[in-house]
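In: Sequence and predicted model, in that order:
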Amino acid sequence: MSSQYRSAKVFSAAAISVIIGAVILKTLGSSPPSAGAFSLSDYYRLEPIEEVISSRHAQLSWRWNRIKIDYSGPKTHNIDQPAPPNAVSISEDVDYHFVVCNGLAGNDGQIQSTEIWQRQLSIPHSQTWGGSEKTIRICIIADGKIVRPTDFQIKRAEALVEALSRKFNIRSSSINYTESW
């Protein structure tokens, strides 16, 4: 008899705990914590990767065979907004196919495709860029030292690289990060 009494007591305590927990969660609402490093609800508000990698021009499976990810520097701005004073411009003539924003430039984790990607063009060779004409270049707005990439940027950049790799059959050995995060 004491075993049944004990089981009923444990079950009652568990049920009360669940009810109290539900009330607390309901009271907190659906807003993310203000100091949280990562909020799943904010992450899901971002444009889907499949839409980001689409372009106006045809995408041929053999067109791309490498991916290069670089940091931009701390003063880069959103390609959709006018440049603030002393900012590095990321505009239509930027030498990247995609820009991953950090919240100071664009929304945190937002991926902006450039005109170069929309037209499926190669990045012109220069002294600072000696890559292949089949390389997709991604810019993460951060300098990699003082201004580190945000959690959203890392997750979105990884998702972007994975989607591009899958779509264009790019091997992992052909993906080059400027610096690991």
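Out: The structure has been received and is ready for your questions. Not measured: the values here are computed from a predicted model.
In: Without its sequence neighbours, what residue ends up closest to the residue nearest the centre of the chain?
Out: Centroid check for the chain by C-alpha atoms, centre = their mean gives residue 156 as the closest residue, at 1.9 Å. Leaving aside its sequence neighbours, residue 156 sits nearest to residue 109 (C-beta to C-beta, 6 or more residues apart in numbering; 4.4 Å). C-beta coordinates here come from the backbone N, C-alpha and C atoms, glycine included.
In: any idea how far the residue nearest to the centre of the chain is from residue 72?
Out: Remark: distance between residue 156 and residue 72 (C-beta to C-beta, to the nearest Å) = 15 Å.
In: Regarding stretch 97-106, how distant is the last residue from the first?
Out: 16 Å (C-alpha to C-alpha, to the nearest Å).
In: Can you give the contact residues for that stretch?
Out: Under the contact criterion C-beta atoms under 8 Å, 6 or more residues apart in numbering, stretch 97-106 has outside partners 52, 72, 76-80, 90, 107-114, 116-117, 123, 136-142, 147, 149-150, 152-153, 156-157, 160.
In: what's the distance between it and the middle of its chain?
Out: Relative to its chain's centre, stretch 97-106 lies at 9 Å (C-alpha atoms, centre = their mean, to the nearest Å).
In: Fine by me, thanks again.
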